[in-house]
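Asker: Kindly generate the corresponding structure for this input.
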Amino acid sequence: MFYKDERLALFIDGSNLYAAAKALGFDIDYKLLRQEFMRRGKLLRAFYYTALLENEEYSPIRPLVDWLNYNGFSMVTKPAKEYTDSMGRRKVKGNMDIELAVDAMELAPRVDHIVLFSGDGDFRPLIESLQRQGVRVSVVSTIRSQPPMISDDLRRQADNFIELDELRDVIGRPPREEAAPRPAALASEQ
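Answerer: Residues are numbered from 1 along each chain as shown. You can find the predicted model right below:
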């Protein structure tokens, strides 16, 4: 439930929201997402959190980050860390949970309602703390994917759960086709 006069802030866990939308088979139109929540209340801030691979020549997320930065979103990024796991597989780590939690706690005295776009159960204590400060918290994620993308504890703690799939017609667009991989011969020539 939203009230027109309440001060609202969005906190978007970028990788979590991307994974949830992908599991449901659609892409997020961030312009429409921002407009939808401006309609629901007095939107003070829309934060987007993501880690970036700094050593890559081209990062597929860079155009999105730049667009969001120019279109009313407060971007919070940090370099992702690359490592090799015990099985010799290349892994990337770029957890933004602490940054999101600190920003939410700092903004809490100035907002009435926070909308968290994440299903990560690690955010349950954050929601509990925000609620003790008098802030209502809605969580946007999905239970319709297999497996569900939202932690049961997080869903229970939130004041309101918004099923991402029910926002599809308002903030979604069909997924873009993935760029075709370049032939190995071309890739090695550059």
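
Asker: what does the longest strand along the chain rub up against?
Answerer: Looking across the chain with DSSP state E, the single longest strand is strand 42-52. By C-beta atoms under 8 Å, 6 or more residues apart in numbering, the residues outside strand 42-52 that reach it are 4-15, 30, 34, 37, 59, 61-62, 65, 68, 72-80, 92-96, 99-100, 103, 107, 110-111. C-beta here means a position set from N, CA and C on the backbone, and glycine is covered the same way.

Asker: Give me the sheet partners of that strand and which way each runs.
Answerer: strand 7-13 (parallel), strand 74-79 (parallel) (DSSP bridges).

Asker: CA atoms only: put the first one into PDB for me.
Answerer: Read that as strand 7-13. Output in PDB follows, covering the C-alpha atoms of strand 7-13 (Å, rounded to 0.1, in the frame of the first residue of the first chain):
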ATOM      1  CA  ARG A   7       8.300  10.400   1.000                       C
ATOM      2  CA  LEU A   8       9.600   7.400  -0.900                       C
ATOM      3  CA  ALA A   9      13.100   6.000  -1.700                       C
ATOM      4  CA  LEU A  10      14.000   3.100  -3.900                       C
ATOM      5  CA  PHE A  11      16.900   0.800  -3.200                       C
ATOM      6  CA  ILE A  12      17.700  -1.500  -6.100                       C
ATOM      7  CA  ASP A  13      20.100  -4.400  -5.700                       C
END
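
Asker: ok, residues contacting that strand?
Answerer: Contacts for strand 7-13 (C-beta under 8 Å, 6+ apart): 2, 33-34, 37, 40-49, 73, 96-97, 100, 103-104, 107, 110-118, 120.
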